[in-house]
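Asks: Test case, fold it:
(one chain, ligands or ions: 1)
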Amino acid sequence: MKVIRSEVIGYCKGVARAISIVNEAIKLGEELNLKVYSLGHVVHNPQIVNKMQEKGVEIVEESDADIVEPGIIVLRAHGVSDNTRRKFLDKNFYIYDSTCPIVLKEQLLVERAPNNSTIVVIGGQNHPESIALKNVETPNEKLIISEVEDIINIPADHDLFVVMQSTFPSGMSRDIFTALKNFATKNNIKIEFANELCNSNQRRRNAVAKLAKQCNCIIVIGGKNSSNTRGIYNYCINQGVETYLVSNKEEVPLHLFKYDVIGLATGTSTPPFVIDEIEDYLIRGKNET
Ligand code: SF4
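Replies: Numbers count the residues shown, from 1 in each chain. Got it, this is the predicted structure:
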């Protein structure tokens with residue numbers, strides 16, 4: 001069996017940075033004998049989260065700021081609101097902020113939006129990045145829209161200032177952009193698209209489109225709770241190639257060993273050792289059968 005890796009695979013820069021920040025926090029925790037916490041999952045990958053927990057990192061929620069013993073808190077790559085940051089600062093936590101610089105820039109753009117505009121966040125209703133963008137402290141009305149139908153909830157009497165969750169699927173966002181422009185024209189209001197694009201996902205998708213032409217099927221490796229991993233999975237399916245989403249080698253379907261060429265792709269938070277493990281398994285498994 002031949003296994004071909006996508007030309008863009010593994011961590012994006014923001015995730016690589018977040019993981020190195022967690023490791024710095026763990027080191028400081030050992031030096032100062034302080035407990036290290038992570039606010040939710042720093043990145044959406046089960047193996048990374050397990051490894052962090054093995055090193056003593058405890059996952060907490062915002063409401064735990066009042067309960068747990070103060071220590072070092074790592075804020076996730078998707079960003080958090082100022083209010084959340086303040087909660088932990090007020091309780092004397094050391095803060096390690098792993099917010100991706102691209103996400104941070106988008107939060108700054110929201111802060112500078114004209115006061116009388118409605119801020120529209122295109123993204124998942126429950127995605128931490130969209131929620132953090134919505135919770136940036138400004139006087140504007142803000143809402144998250146995930147599909148064209150949500151536009152009905154936007155007030156028609158204020159200009160629009162639009163930002164977008166960095167990993168939101170581009171196909172869906174194109175439809176929403178068009179519908180928002182039509183909404184603005186119809187209501188005679190201004191619209192400004194201020195979304196800071198992360199080209200990491202687009203490069204990943206382009207690489208996957210190329211891979212789809214070279215193999216019998218694609219295995220997308222990553223966390224099932226990772227929206228960008230699911231985005232890559234759906235993108236592969238849309239390319240018309242048989243596709244499987246797995247988070248470890250145990251989940252690789254056995255019937256795939258009949259294929260001659262398998263492609264490997266990942267979301268932005270899949271660790272290199274998991275990719276190596278699955279690649280080895282596919283190659284070794286073929287030799288053993
Ligand atoms: S996908 Fe882009 S915006 Fe999101 S963490 Fe990675 S580099 Fe940052």
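Asks: The lengthiest helix in the chain close to the ligand?
Replies: Taking DSSP state H as the criterion, the chain has its longest helix at helix 13-32. Yes: contact of helix 13-32 with the ligand (CB under 6 Å from any ligand atom) involves K13, G14, V15. Backbone N, C-alpha and C define where each C-beta goes, glycine included.
Asks: got a winner among these for most neighbours?
Replies: Most neighbours among these, by other CB atoms under 10 Å: V15, with 26 neighbours.
Asks: who are the neighbours in contact with that one?
Replies: Taking CB atoms under 8 Å, 6 or more residues apart in numbering as the contact definition, V15 lies against V43, A77, C100, T268, S269.
Asks: One more: P128?
Replies: Counting by CB under 8 Å, 6+ apart, P128 touches G40, R76, H78, G79, V80.
Asks: And it, what's its pLDDT?
Replies: What the model reports for P128 is a pLDDT of 88.
Asks: The ligand versus that one, what's the distance?
Replies: Applying CB to the nearest ligand atom, to the nearest Å, one obtains 11 Å for the distance of P128 from the ligand.
Asks: you'd agree I4 is in a helix?
Replies: No: going by DSSP: H, G, I helix; E, B strand; the rest coil, the assignment for I4 is strand, not a helix.
Asks: Roughly how far does it sit from H78?
Replies: Between I4 and H78 the computed distance is 31 Å (CB to CB, to the nearest Å).
Asks: what does C215 give?
Replies: C215 sits 31 Å away from H78, going by CB to CB.
Asks: Neighbour count for those two, which is higher?
Replies: H78 (27 against 20).
Asks: thought Y233 was touching L245?
Replies: Yes: assessed by CB atoms under 8 Å, Y233 is found in contact with L245 at 4.5 Å.
Asks: show me where the stretch 101-250 of the chain has strands.
Replies: Listed in chain order, the strands of the stretch 101-250 of the chain (DSSP state E, counting those that start in this stretch) span 118-122, 142-145, 160-164, 191-193, 217-221, 242-246.
Asks: what's the fourth one in contact with?
Replies: By CB under 8 Å, 6+ apart, the residues outside strand 191-193 that reach it are S117, D159, L160, F161, V162, F177, L180, K181, A184.
Asks: By pLDDT, rank the residues you listed and give me the bottom one.
Replies: Among the contacts of strand 191-193, F177 carries the lowest pLDDT, at 93.
Asks: got the contact list for that one?
Replies: Applying CB under 8 Å, 6+ apart, the residues near F177 are I122, V162, F193.
Asks: Can you report how many residues neighbour the second one?
Replies: Around V162 there are 23 other residues, counting by other CB under 10 Å.
Asks: shouldn't it be in contact with L180?
Replies: Yes: at 6.3 Å, V162 counts as touching L180 under the criterion of CB under 8 Å.
Asks: what is in contact with the two at once?
Replies: Any residue near both V162 and L180 by CB under 8 Å, 6+ apart counts here, and that gives V120, I191.
Asks: hmm, back to that, of the contacts of V15, which pair is most distant in space?
Replies: Across those, no pair lies farther apart than C100 and S269, at 11.2 Å, counting by CB to CB.
Asks: related to what we said a few turns ago, got the contacts of F177 as a markdown table, with distance to the ligand columns?
Replies: Output for the contacts of F177, formatted as a markdown table (distance: CB to the nearest ligand atom, whole Å):
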| residue | distance to the ligand |
| --- | --- |
| I122 | 14 |
| V162 | 17 |
| F193 | 17 |
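Asks: just to revisit the earlier point, more neighbours, C100 and S269?
Replies: Comparing C100 with S269 by neighbour count (other CB under 10 Å), the higher total belongs to S269, at 28 against 24.
Asks: got the residues of the protein near the ligand?
Replies: Residues of the chain lying close to the ligand (CB under 6 Å from any ligand atom) are 12-15, 77, 100, 102-103, 166-167, 198, 200-201, 268.
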